[in-house]
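[1] have a look; sequence and predicted model below, questions after that.
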Amino acid sequence: VGDDVQAKGAQIGDKRLLACDDDVLTYRDAELRSADLARGLLATGAGTGTHVGILHPNGSAFVVAWLAATRIGALAVPLSTFSKPAELRVLLRNADVRILLAAASYRGHDYVAALREVVPEIDFTSPPPLLAASLPVLRHVAFAPSPDGVGTQWTREGIVARGRDVSADVLRAAEDAVDPADRVVVVHTSGSTGDPKGVIHCHGALIRHLDNLNEIRRYTPDEVLFSNSPFFWIGGLAYSLLGTLVAGGTLVCSNAQRASA
């Protein structure tokens, strides 16, 4: 995945990868922003196999978080933005999420308050790492954008700032160590009839599958694909987002309750 975004960023830099309402992300911006965040994740202790949760709606924040985690060999764990605190607790615990990249809120869901309920020991005014008996694996949460009452060290801005001390050579070495057989993402089922089940996918198999699907559906760099599926489910993540990245096309989505052209 990391190789794909780097190659596309160099080849077709200013072309739009994503347009989600007024939120636009070019291939070059995706490469640069995910590299900055990837260095921050390395500085925070992430690496091969680290479980990085992503709690964002469709948009550039999700895409950058997903690319940053996967390009250094971490295992991305997209989480449903529909999750209530009890559901979020199950997802974080069962998926062994160590670092959580999260929106502060979305459509009436206050994720800062939800995390305080899920992890009563958490104090967003004291520096990480988090060491909590209620959720012993979770070490760090980073919100974007920065919410009120939360210290900078608990924001994506804070993680990116930490990464400025990580050289490009270290980032490249981490990227070069990623193997096609390495795990890339855990995608959960909806959980409508029980606890969500996590399905594990690997870099090589998932990318080859999407390349095959793109050939079947004739998805070329000149195409624009509209996605009405959230990126935390397989249709949005693989068929839409990864398929677009592999093809070099443009993905369009909307978070508006009444989207217009």
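    It's in.

[2] the residue lying closest to residue 165 once chain neighbours are set aside: neighbour count?
    Of all residues not flanking residue 165 in the chain, residue 43 sits nearest, at 6.4 Å (CB to CB, 6 or more residues apart in numbering). To be clear about C-beta, it is placed using only N, CA and C from the backbone, and glycine gets the same treatment. By other CB atoms under 10 Å, 17 other residues sit near residue 43.

[3] next one, pLDDT for residue 43 please.
    With respect to pLDDT, residue 43 scores 97.

[4] helix, strand, or coil at the closest residue to residue 157 other than its chain neighbours?
    Leaving aside its sequence neighbours, residue 157 sits nearest to residue 146 (CB to CB, 6+ apart; 6.0 Å). Using DSSP: H, G, I helix; E, B strand; the rest coil, the structure places residue 146 in coil.

[5] show me where the stretch 1-150 of the chain has helices.
    Taking DSSP state H, counting those that start in this stretch to define them, one finds helices in the stretch 1-150 of the chain at 2-11, 27-43, 60-71, 85-94, 111-118.

[6] just give me how far the second one sits from the chain centre.
    Its chain's C-alpha centre lies 12 Å from the corresponding centre of helix 27-43 when counted by CA atoms, centre = their mean, to the nearest Å.

[7] list the buried ones in it?
    Buried residues in helix 27-43, counted by 16 or more other CB atoms under 10 Å: 27-31, 33-43.

[8] then stretch 129-142?
    In stretch 129-142, counting by 16+ other CB under 10 Å, buried: 130, 132, 135, 138-142.

[9] contacts made by it with the rest, please.
    Contacting residues not belonging to stretch 129-142 are listed as 44-45, 51, 89, 92-93, 96-102, 115, 118-122, 124, 128, 154-156, 158-159 [CB atoms under 8 Å, 6 or more residues apart in numbering].

[10] check contacts around residue 48.
    Each residue near residue 48 by CB under 8 Å, 6+ apart is listed here: 72-74, 174, 177-178, 182.

[11] so where's this structure uncertain?
    Counting by pLDDT under 70, the chain has low-confidence residues at 1-5, 7-10, 259-261.

[12] all strands of it, in order?
    In the chain, the strands defined using DSSP state E lie at 16-20, 23-26, 51-55, 75-78, 99-102, 105-106, 109-110, 140-143, 183-188, 198-202, 224-226, 250-253.

[13] so which residue is dead centre in the protein?
    The centre of the chain sits closest to residue 66, judged by CA atoms, centre = their mean, with a distance of 2.9 Å.

[14] how many residues are close by residue 206?
    Residue 206 has 21 neighbours, counted by other CB under 10 Å.

[15] brain fart, residue 164
    11.

[16] my guess is residue 91 contacts residue 82. True?
    No: using CB atoms under 8 Å, residue 91 is not in contact with residue 82; the gap is 11.0 Å.

[17] neighbour-wise, which of the two wins?
    Taking other CB under 10 Å, residue 91 and residue 82 do not tie; residue 91 has more neighbours (23 against 14).

[18] so who does the closest residue to the more buried one other than its chain neighbours touch?
    Leaving aside its sequence neighbours, residue 91 sits nearest to residue 79 (CB to CB, 6+ apart; 5.3 Å). For residue 79, the contacting residues are 53-55, 88, 91-92, 97, 188, 232, by CB under 8 Å, 6+ apart.
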